[in-house]
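Trainee: Whatever this is, show me its structure:
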Amino acid sequence: MSDNPIGTAPGATPAGQIPVSPNNPCPFLRALVANGYVGGHVVPLSQLSEMIGLASGETGSAQNKVRMETRMVAVIANGLGPLRVLKSATSGAVLDELRDGPLDKHGGGSRILDVDAKVHEDEIARLAGFGKDRKDPAGGIERGLTAKEIDTFMKANLKRDGDAARWYYPILMKGEWPVLLKILGKGEGEERYLSVAEVRTLFVERRLPERITARLPKPGAGR
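Mentor: Numbering: from 1, shown residues only. Reported below is the predicted structural model:
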């Protein structure tokens, strides 16, 4: 990681947001917690899967599939032992205890967010280097990554990690950047892309685009 990262410092909370534990390393979940959509500690899997399902923009059976996949991931996020899985299934996922869990790649990923929850701007710039300038459906041009470019980016991350990369890291990665593309992406088909500017906003400001928050219930509802 960079010795001189630039971005939101550990513990710093943008105005109007709820503090998020550095032990929650998922940028999407950090945004949900920071803006009051879910709590920062124990969150029932039903609530967590509902939020992800709604955010996806899918409907009907497609949304049910997203919810089911979310539950399958969340139930093992805090540990793989049978008692831990049972506790997660009945009580919920502990979002401020995800660091060092089964889904933590220990620096084998993008390295945008470090263990102290500091954002590394140089790693966002590196991400942008794997993309191209694209036409925003809402107007203008912006840098973004398609599914193929995200795949190249993830493979480069594994190569950078070298011998420290575990055999299952590619499996974990499929539940990260490709999922962000599915939820936050713009455009359709092979031209659908993930906006680097929106990635930066997600990591640094812990905010989701308005088109995504419009799909969610009012913050704090049901908590």
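
Trainee: State the pLDDT value of Ala165.
Mentor: Ala165 is assigned a predicted lDDT (pLDDT) of 86.

Trainee: Can you name the residues that contact it?
Mentor: Ala165 is in contact with 108, 158, counting by Cβ atoms under 8 Å, 6 or more residues apart in numbering. C-beta here means a position set from N, CA and C on the backbone, and glycine is covered the same way.

Trainee: distance of it from Leu158?
Mentor: According to Cβ to Cβ, to the nearest Å, Ala165 and Leu158 sit 5 Å apart.

Trainee: Check the contact lists of those two and give me the overlap.
Mentor: Among the neighbours of Ala165, those also in contact with Leu158 (Cβ under 8 Å, 6+ apart) are Gly108.

Trainee: outside of the least confident helix or strand in the chain by mean pLDDT, which residues touch it?
Mentor: Least confident element among the helices and strands of the chain, by mean pLDDT, DSSP states H and E: helix 169-173 (a mean of 89). Defining contact as Cβ under 8 Å, 6+ apart, one finds that helix 169-173 is touched by 103, 105, 108-109, 154, 157-158, 161.

Trainee: Checking the nearest residue to Val38 once chain neighbours are set aside next. Helix, strand or coil?
Mentor: Among residues not flanking Val38 along the chain, Leu32 sits closest, at 4.9 Å (Cβ to Cβ, 6 or more residues apart in numbering). Look at Leu32: counting by DSSP: H, G, I helix; E, B strand; the rest coil, its state is helix.

Trainee: So that it lines up with my notes, have the first residue be 749 from now on.
Mentor: With the count now opening at 749, the last piece we talked about shows up as Leu780.

Trainee: hang on, the earlier thing: give me the buried positions along the least confident helix or strand of the chain.
Mentor: 917, 920-921 (16 or more other Cβ atoms under 10 Å).

Trainee: Could you identify the helix or strand that succeeds it?
Mentor: Sequence-wise, the next helix or strand downstream of helix 917-921 (DSSP states H and E) is helix 925-932.

Trainee: Can you list the helices and strands that that following helix packs against?
Mentor: Contacts defined by 3 or more Cβ pairs under 8 Å, 6 or more residues apart in numbering; DSSP states H and E place helix 925-932 against helix 775-782, helix 793-804, helix 895-909, strand 942-943, helix 944-948.

Trainee: And the shortest one, what does it pack against?
Mentor: If contacts are counted by 3+ Cβ pairs under 8 Å, 6+ apart, strand 942-943 sits against strand 889-893, helix 925-932.

Trainee: Would you mind pulling the contact partners of the shortest one?
Mentor: For strand 889-893, the external contacting residues (Cβ under 8 Å, 6+ apart) are 875-876, 878-884, 901, 929, 934, 941-945.

Trainee: No more questions from me, cheers.
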